[in-house]
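Chemist: could you work out the structure for the sequence below:
(one chain, ligands or ions: 1)
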Amino acid sequence: MFELRAILKGVAVVVVLAGAGAALAAGPIEERQQLMKMNGKAIGVLAKMLKGEAKFDPAAVKENAETIASDIQKFVMLFPEDSKQGPPETYAKAEIWTDRDGFNAAADNAIKAAQKVAAAGDEASFKAAMPDLGNACGACHKKYRRPKD
Ligand code: HEC
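Modeler: Numbers count the residues shown, from 1 in each chain. Purely as a prediction, here's the structure:
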């Protein structure tokens, strides 16, 4: 009985360590790419409504635009000096580290644009606010992201 308990304890420790290992394995490159993937999904939902392919849904607009704003807030924190190069392959340009102010400003622009979309209570103001958000994504990508080839 005593021995069994010791073994079970050992198993629990191994499980905890394995969990910690998995959390550590996901570094800043994976984390920032994951956040951007979520932005891609969120803007896809918004774009469908903008194009009239989906019904305007104010709650979904708010949720997805708020996701984008908070994802970009987290995203800009994920560029430590040692994450300029992968693995995994990163598309972040060196300019992020040489022009951090410009990078942060591009992020702020996008956050503000997303907050404006989130605050749009009706379809007309949603449609008026969306182009700024799309442009803000594109402006940062143009300067700070290598195209995937
Ligand atoms: C402040 C700059 C900035 C803003 C704003 C920005 N992005 Fe990005 N995005 C990047 C960078 C840099 C990468 C490449 C990250 C890497 O590979 O390490 C990226 C990557 C991506 C990717 C590819 C993710 C992958 O690895 O599969 C998608 C999709 C994406 N962004 C969508 C968006 C959308 C949609 C918006 C606007 C809602 C947006 N981004 C706003 C800088 C930005």
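Chemist: flag every residue of this protein that's near the ligand.
Modeler: The interface of the chain toward the ligand, taken as CB under 6 Å from any ligand atom, is made up of 29, 32-33, 36-37, 39-40, 43, 68, 72, 90-92, 103, 106-107, 110, 133, 136-137, 140-141, 144-145. Just so you know, the C-beta spots here come from the backbone N, C-alpha and C atoms, and that holds for glycine as well.
Chemist: just the buried residues of these.
Modeler: Buried members of these, counted by 16 or more other CB atoms under 10 Å: 29, 32-33, 36, 39, 43, 68, 72, 90, 92, 103, 106-107, 110, 133, 136-137, 140, 144-145.
Chemist: let's see which of these end up in helices.
Modeler: If you go by DSSP state H, those have 29, 32-33, 36, 39, 43, 68, 72, 103, 106-107, 110, 133, 136-137, 140, 144 in helices.
Chemist: ok, the residue nearest the centre of the chain to residue 107 distance?
Modeler: In the chain, the residue lying closest to the centroid (CA atoms, centre = their mean) is residue 35, at 2.3 Å. Residue 35 sits 12 Å away from residue 107, going by CB to CB, to the nearest Å.
Chemist: any common contacting residues for the two?
Modeler: Both residue 35 and residue 107 are contacted by 72, 75, under the criterion CB atoms under 8 Å, 6 or more residues apart in numbering.
Chemist: burial of residue 112, as a residue count?
Modeler: Applying the criterion other CB atoms under 10 Å, we find 14 residues in the vicinity of residue 112.
Chemist: tell me which element it falls in.
Modeler: Counting by DSSP states H and E, the element that carries residue 112 is helix 100-119.
Chemist: quick one: mean pLDDT for that helix?
Modeler: With pLDDT averaged residue by residue, helix 100-119 scores 98.
Chemist: name the residues that touch that helix?
Modeler: Helix 100-119 is contacted by residues 46, 61-62, 65-66, 68-69, 72-73, 75-76, 79, 95-96, 126, 129-130, 132-133, 135-137, 139-140, 143-144 when judged by CB under 8 Å, 6+ apart.
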